[in-house]
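[1] Sharing a model prediction with you, sequence too.
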Amino acid sequence: MMGVKKNTALDSENVPNELEGCYHVYLDCGSNRGVQVQKLYEPELYPDVPVNTFFKKIFGKVAKRREVCSVGFEPNAKHTEYLKRIESSYNKCGYRTFFKVPTGLADYDGEGSYFSDNSKEFYEWGGGVIEKRVTSKANTGKVEIIRLVKYIKDIVNTRDTGASEQDLLSYNPPRVMMKIDIEGSEKDVLIDMALSGTLEIIDFAFIEYHDDHLTDPADRQKTEDARMVANTLSKYSKYDETYGLSDEPLPKC
């Protein structure tokens, strides 16, 4: 469980924790155009969608959503300008929002290529950083690759939440919610999280699997292993893809 003290490891390296003071954290892994973050902060624009029920269950009432910090990861550089507009708009309104773009997620840190699915009408939402797991082979450039396990352990789990001892024992302690829709990389990331013990940090997650077009037996087996890991924890639900093509106006403050 999250403590109330600051992260001494980060302090000793003089590296500020960007999530310092974030009571709750929402990890939007595979942001595309950031619709899930908009659902979190402005659910009235997206009525009757499945994820709203879980946002309320995990983070509480809409009036307290400024306690939730959002971190989005998106490898498609074409979404950079729009995601940064979302980031700026919500931060001006008091919702701490970070979009790391172009940035892919995997079970290692480094550099990789982004492969677009060339589906412009769907904002290229089928693109990814693993060529053989993407239906198209259109290489659109290099992107930073982040090991999600490291980010969760070093940043999310070491933040000072500002929670009191009473908060930690209450019905609404600091929580972490995660969405994973990373076009074939989810199997590597989930297994890495399980083996490293990082899944224990996540209170709830939505996972979208991408195994329909896999032909490599090793990849298919890894997907089954990832499903088994998630299912044993009984805290995961299928990802809510509603309003994926919406273009609601951003808040002005």
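    Right, received. Where do you want to start?

[2] who does the residue nearest the centre of the chain bridge with?
    The residue lying closest to the centre of the chain (Cα atoms, centre = their mean) is residue 28, at 2.3 Å. Per DSSP bridges, the residues bridged to residue 28 are residue 72, residue 179.

[3] what's the answer for residue 98, then?
    Here residue 98, judged by DSSP bridges, has bridge partners residue 71.

[4] burial measure for it, as a count.
    19 (other Cβ atoms under 10 Å). C-beta coordinates here come from the backbone N, C-alpha and C atoms, glycine included.

[5] Now do the contacts for it.
    Residue 98 is in contact with 18, 69, 70, 71, 72, 87, counting by Cβ atoms under 8 Å, 6 or more residues apart in numbering.

[6] Quick check: the gap between it and residue 167.
    Using Cβ to Cβ, to the nearest Å, one obtains 23 Å as the distance from residue 98 to residue 167.

[7] go on, residue 249?
    35 Å.

[8] Settle it for me: which of the two has more neighbours?
    Legend: neighbour count by other Cβ under 10 Å for residue 249 and residue 167, higher for residue 167 (15 against 9).

[9] and the spatially closest residue to that one that is not a sequence neighbour, what helix or strand is that in?
    Nearest residue to residue 167, sequence neighbours excluded (Cβ to Cβ, 6 or more residues apart in numbering): residue 173, at 6.1 Å. For residue 173, there is no helix or strand it lies in under DSSP states H and E.

[10] May I have the phi/psi pair for residue 147?
    For residue 147, the backbone dihedrals (degrees, to the nearest 10) come out as phi -80, psi 110.

[11] Model confidence for it, exactly?
    Looking at residue 147, its pLDDT is 97.

[12] Just give me how far stretch 60-76 sits from the chain centre.
    10 Å (Cα atoms, centre = their mean, to the nearest Å).

[13] ok, so what distance separates the residue in the chain sticking out farthest from the centre from residue 83?
    Most distant from the centre of the chain: residue 166, at 28.2 Å, with distances by Cα atoms, centre = their mean. From residue 166 across to residue 83, the span is 37 Å (Cβ to Cβ).

[14] Low-confidence stretches in the stretch 151-253 of the chain?
    183-184, 210-239, 241, 243-245 (pLDDT under 70).

[15] what are the ranges of the helices in it?
    Applying DSSP state H, counting those that start in this stretch to the stretch 151-253 of the chain gives helices spanning 165-168, 186-196, 217-233.

[16] After the host helix or strand of residue 36, which helix or strand is next? Please name it.
    Using DSSP H and E, residue 36 maps to helix 35-41. As assigned by DSSP H and E, the chain's next helix or strand after helix 35-41 is helix 50-59.

[17] for that next one, what is the average pLDDT?
    Helix 50-59 comes out at a mean pLDDT of 93.

[18] Who are the packing partners of it?
    On a contact count with 3 or more Cβ pairs under 8 Å, 6 or more residues apart in numbering; DSSP states H and E, helix 50-59 meets strand 24-29, helix 35-41, strand 176-180, strand 204-207.

[19] so how far is the last one off the chain centroid?
    When you say that, I think you mean strand 204-207. 9 Å.

[20] Sheet partners, orientation included, of that strand?
    In the sheet, strand 204-207 lines up against strand 176-180 (parallel), strand 236-238 (parallel) (DSSP bridges).

[21] Just send the contacts of residue 98 back as JSON lines, with distance to residue 193, pLDDT and neighbour count too.
    Formatted as JSON lines, the contacts of residue 98 follow (distance: Cβ to Cβ, whole Å; pLDDT from 0 to 100; neighbours: other Cβ atoms under 10 Å):
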{"residue": "18", "distance to residue 193": "20", "pLDDT": "98", "neighbour count": "12"}
{"residue": "69", "distance to residue 193": "20", "pLDDT": "99", "neighbour count": "21"}
{"residue": "70", "distance to residue 193": "19", "pLDDT": "99", "neighbour count": "27"}
{"residue": "71", "distance to residue 193": "16", "pLDDT": "99", "neighbour count": "24"}
{"residue": "72", "distance to residue 193": "18", "pLDDT": "98", "neighbour count": "26"}
{"residue": "87", "distance to residue 193": "25", "pLDDT": "98", "neighbour count": "22"}
